[in-house]
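Peer 1: could you look at this predicted model? Sequence included:
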Amino acid sequence: MTKKVNGTTTKTSAISSAIVTKRLLPAMTDFSMQWLVRLLALFSVVAMAVIFIFVIGRSMPVLKESGIRFWTEATFDQQITNAYNAEAGKPVYEFGMLGLLAGTVFSTLFALVLAIPIGIGAASVLNEYAPQWLKVPSVAIVRLLASIPSIVYGLVGLTVVVPTIEKWFVTVDMQIAFLDQFQMTGRSLLSSAIVLAIMIVPMIVSLSMDAMRSVPDSLREVGCAMGMAPWRITYKIVLPASKSGIIAGIILAIGRGIGEAVAVSMVCGGIGLVPDVKNGVGFILTPILTLASAIINKSEAISVPSIESALFACGAVLLTIGAILSLISRQVFRFIRKKEGLDA
Amino acid sequence: MRNRRVESLLGMSGSWLAMGLILLSCIFIILYVFFEGSGVITRDFLLKEPNPSALSAHEGGILTPMIGTVLLTIIGMLIAFPAALSTALYLVHDAKKGLFTEIVRVAVDILAGVPTVVIALFALALSTSSQFGFLSVTIEATDGSMRSYGRSFLVAGLAMAVMVLPFVIKTAEEAIKSVPYSYYEASIALGATKWFTIRHIVLKTARPGLVTAIVLGMGRIIGDTAIVLIVLGGTLRMTGLQPWWQPNHWLSTLQNTGCTLTSYILYTSPAGEGNSTDVAFGASFVLIVMILVLNGLAELIGQSNRKVVNNG
């Protein structure tokens, strides 16, 4: 009797434990894992929101205090010094970063002028003409170039590019001529642009190659059947057909160039001057400071609240530019393709 | 016709020139760093802590910078990978087309475009607020309130995680997407639950791609300088309780400042205070070797992945 009872109880418990292990437990794990995944998927959304709140929040004092002069004055270095030496009771909250903006725009622009033709040229060679034995190692090298840390570019720029510029372009006469404006060394707009160009070239090459690879071979065959030379096929057919991808890649490269801090801060000269076109050759030899490199360059003084706020203001401008650029690159791809009727 | 021929010739030669220029500059950079840096690589250089000394025999090596790099990589990936994997799984297998999915995608895109300096600034702002004092050292200010220093391995690791998150998400998403949907359907049709299917079918098939995602993320963390400069403090040595390698001091080490290879290079380069270029090139040499090894690893995994997919 007892045995039987025992038998039935063990049986029901076995059944219930089977239900637990086979049905309930999987269902529960499923449910909890699904929500865990959803919760963790929020990480990037939360991170983005918190970044915006913190960076813009901390830059508010300077943005409010400086008002319009924030965009029109070019005396950032002097103001940092003033803020650093200000009395504790009367902190200086006025900063103008026209110089930094000009430095960012000019260095990125010149870097693009160097990098776009070289990048697209190399991409078309690699994708259209190069034989396999050349293509495979070359692509590996381009990928390697993309993964070299920026500090190494900065170091090589500082020990190779800067002395070379100093040797080739800077003469004592020029140094004397510009003595009242700045001290002319190799650290300049030109060296920043060259270092930046080397850094963004691999990005342009690999994204252009991706775009060119997606052009169907039938288009190239049409060109060939029309008797076009290989270069004309690339120039008139492949490049226009892959325009959307290439432009999206260039926009991403602009974002990288604007946001690059350390390598540029090593070779830019560290003075936030606005390069003056009237200076002729002096224009490209002007020492500059970009928004991103200013944060690195002046970070030693970040313990002063007003300087901290000024650096956060630089960060806020960078953040806005970066966000806008990545949104544009997202849209540009779709927009151009739609305009050309490539997909609905 | 003649014009076109000239144009063709110019275009062709220009393009080949451009490619040659890129290849040459890359080879030059690598060889230059190897040539300049290999001279200082000795056993002592790799196995000794940096030491402030005017005598080159006592100036030590790059042990703590290397450990710092490894530590940051581990912390960063420990935080970033689960979040990235979840986001990728969510986007591929869970999300319905709607506002929220779009928000996640836009957030990832924007995050990818945020410069690393800005992420560093954000991490500094976050960690210097007193609620996050546990991430670094807190001290009592003169008015009795607690101030946190805000610079430590934990803070830098968190910033690194935010920095690599979008790249790891995108690579992981590609890996998960490359698993044929029929596998997923077959498993569901056999009565397996969604989570079981994801764990045993999707993740297992996508594993090489996920490992590639981890390796690429590690490469980015190793190479980053801006975050290290701003939120790891400016010290060359570990500043926690000494000796830093004792297990009961690990937490203190993580809560304090340190150095990585990248910041070591900056401090010893002509741009920093050290101005000993040879040591900077030595550290760059080690850094590039690390990156090369990681790249090779990613390439190997990618190849084995292709084999699996082709056979399957």
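Peer 2: Here it is on my side, so go on.

Peer 1: now the residue of the stretch 201-312 of chain B found nearest chain A, nearest residue through space, not along the chain?
Peer 2: Residue nearest to chain A within the stretch 201-312 of chain B: B:G223 (3.1 Å; Cβ to the nearest Cβ). (Glycine included, C-beta is placed from N, CA and C.) Of all residues not flanking B:G223 in the chain, A:P149 sits nearest, at 3.1 Å (Cβ to Cβ, 6 or more residues apart in numbering or on different chains).

Peer 1: and A:S242, by the same measure?
Peer 2: Distances taken as Cβ to Cβ, 6+ apart put A:A211 closest to A:S242, at 3.8 Å, once the chain neighbours are dropped.

Peer 1: the one you found - how many residues pack around it?
Peer 2: Using other Cβ atoms under 10 Å in any protein chain shown, A:A211 has 24 neighbouring residues.

Peer 1: and what of A:I247?
Peer 2: Neighbourhood size, A:I247 [other Cβ under 10 Å]: 19.

Peer 1: check the one 10 residues further on too.
Peer 2: Here the number of neighbours of A:G257 (other Cβ under 10 Å) works out to 26.

Peer 1: that one against A:I198, yeah?
Peer 2: No. With contact defined as Cβ atoms under 8 Å, A:G257 does not reach A:I198; the gap is 11.1 Å.

Peer 1: who's in contact with B:V168?
Peer 2: Shown in contact with B:V168 (Cβ atoms under 8 Å, 6 or more residues apart in numbering or on different chains): B:80-81, B:84, B:213-214, B:216-217.

Peer 1: inside helices: which ones of those residues?
Peer 2: Among the contacts of B:V168, the members found in helices (DSSP state H) are B:80-81, B:84, B:213-214, B:216-217.

Peer 1: in CSV: the residues you listed, plus distance to B:G150.
Peer 2: Shown next, in CSV, are the ones in helices among the contacts of B:V168 (distance: Cβ to Cβ, whole Å):
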residue, distance to B:G150
B:A80, 21
B:F81, 25
B:A84, 25
B:A213, 30
B:I214, 28
B:L216, 29
B:G217, 24
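
Peer 1: next one: B:T69 from B:L89, what distance?
Peer 2: Applying Cβ to Cβ, to the nearest Å, the value for B:T69 to B:L89 is 29 Å.

Peer 1: what of A:R334?
Peer 2: Computed as Cβ to Cβ, the A:R334 to B:L89 distance reads 25 Å.

Peer 1: of these two, who's got more company?
Peer 2: Neighbour count, other Cβ under 10 Å: between A:R334 and B:L89, B:L89 has more, with 25 against 12.

Peer 1: check which helix or strand the more buried one maps to.
Peer 2: Applying DSSP states H and E as the criterion places B:L89 in helix B:63-89.

Peer 1: ok, and for that helix, which residues are buried?
Peer 2: Neighbour-count burial for helix B:63-89 flags B:63-69, B:71-73, B:75-77, B:79-81, B:83-89 (criterion: 16 or more other Cβ atoms under 10 Å in any protein chain shown).

Peer 1: got the residues of the stretch 151-300 of chain A near chain B?
Peer 2: Neighbours of chain B within the stretch 151-300 of chain A, by Cβ under 8 Å from any Cβ of the partner chain: A:151-156, A:158-160, A:198, A:201-202, A:205, A:229-232, A:234-235, A:252, A:255, A:258-262, A:265-266, A:292, A:295-296, A:299-300.

Peer 1: run through the contacts of B:V168 and flag the ones next to chain A.
Peer 2: Near chain A, by the rule Cβ under 8 Å from any Cβ, you find none of the contacts of B:V168.

Peer 1: which of those sits closest to A:A177?
Peer 2: B:L216 (48.8 Å; Cβ to Cβ).

Peer 1: quick one, what contacts the residue lying closest to that closest one once chain neighbours are set aside?
Peer 2: Spatial nearest neighbour of B:L216, chain neighbours left out: B:T171 (5.8 Å); criterion: Cβ to Cβ, 6+ apart. B:T171 is in contact with B:209, B:212-213, B:216-217, counting by Cβ under 8 Å, 6+ apart.

Peer 1: for B:T171, grab phi and psi.
Peer 2: B:T171 has phi and psi values of phi -70, psi -40 when expressed as degrees, to the nearest 10.

Peer 1: could you measure from it over to B:Q131?
Peer 2: Taking Cβ to Cβ, one finds B:T171 at 33 Å from B:Q131.

Peer 1: ok, now A:V195?
Peer 2: From A:V195 to B:Q131 the distance is 40 Å (Cβ to Cβ).

Peer 1: before we move on, what about B:T142?
Peer 2: Going from B:T142 to B:Q131 by Cβ to Cβ gives 21 Å.

Peer 1: these two: which is more packed in?
Peer 2: Set B:T142 next to B:Q131 and count neighbours by other Cβ under 10 Å: B:Q131 wins out with 10 against 6.

Peer 1: give the contact list for the residue in the stretch 201-344 of chain A that chain B sits nearest to.
Peer 2: At 2.6 Å from chain B, A:G259 is the closest residue in the stretch 201-344 of chain A, using Cβ to the nearest Cβ. A:G259 makes contact with A:292, A:318, A:322, B:113-118 under the criterion Cβ under 8 Å, 6+ apart.

Peer 1: okay, those in CSV with neighbour count, pLDDT and secondary structure next?
Peer 2: Listed next are the contacts of A:G259 as CSV, based on neighbours: other Cβ atoms under 10 Å in any protein chain shown; pLDDT from 0 to 100; DSSP: H, G, I helix; E, B strand; the rest coil:
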residue, neighbour count, pLDDT, secondary structure
A:A292, 30, 89, helix
A:L318, 27, 92, helix
A:G322, 23, 90, helix
B:G113, 24, 88, helix
B:V114, 26, 91, coil
B:P115, 24, 91, coil
B:T116, 25, 91, helix
B:V117, 30, 91, helix
B:V118, 30, 92, helix
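
Peer 1: what is the nearest of the residues you listed to B:M19?
Peer 2: Using Cβ to Cβ, B:G113 comes nearest to B:M19 of the contacts of A:G259, at 28.2 Å.

Peer 1: my guess is that closest one contacts A:G255, does it?
Peer 2: Yes. The criterion here is Cβ under 8 Å, and B:G113 meets it with A:G255 at 5.0 Å.

Peer 1: overlap of the contact sets of these two?
Peer 2: Here B:G113 and A:G255 have A:322, A:325-326, A:329 as joint contacts, going by Cβ under 8 Å, 6+ apart.

Peer 1: so which of these belong to helices?
Peer 2: Those of the shared contacts of B:G113 and A:G255 lying in helices (DSSP H): A:322, A:325-326, A:329.

Peer 1: quick one: which two of the residues you listed are the most distant?
Peer 2: Longest distance between any two of these is 10.8 Å, between A:G322 and A:S329; criterion Cβ to Cβ.

Peer 1: what touches both of these two?
Peer 2: Residues touching both A:G322 and A:S329 (Cβ under 8 Å, 6+ apart) are A:255, B:113.

Peer 1: now the helices: where do they sit in chain B?
Peer 2: In chain B, the helices defined using DSSP H lie at B:2-37, B:43-47, B:63-89, B:99-113, B:116-128, B:153-177, B:181-189, B:194-197, B:203-205, B:207-223, B:226-231, B:250-255, B:261-268, B:277-311.
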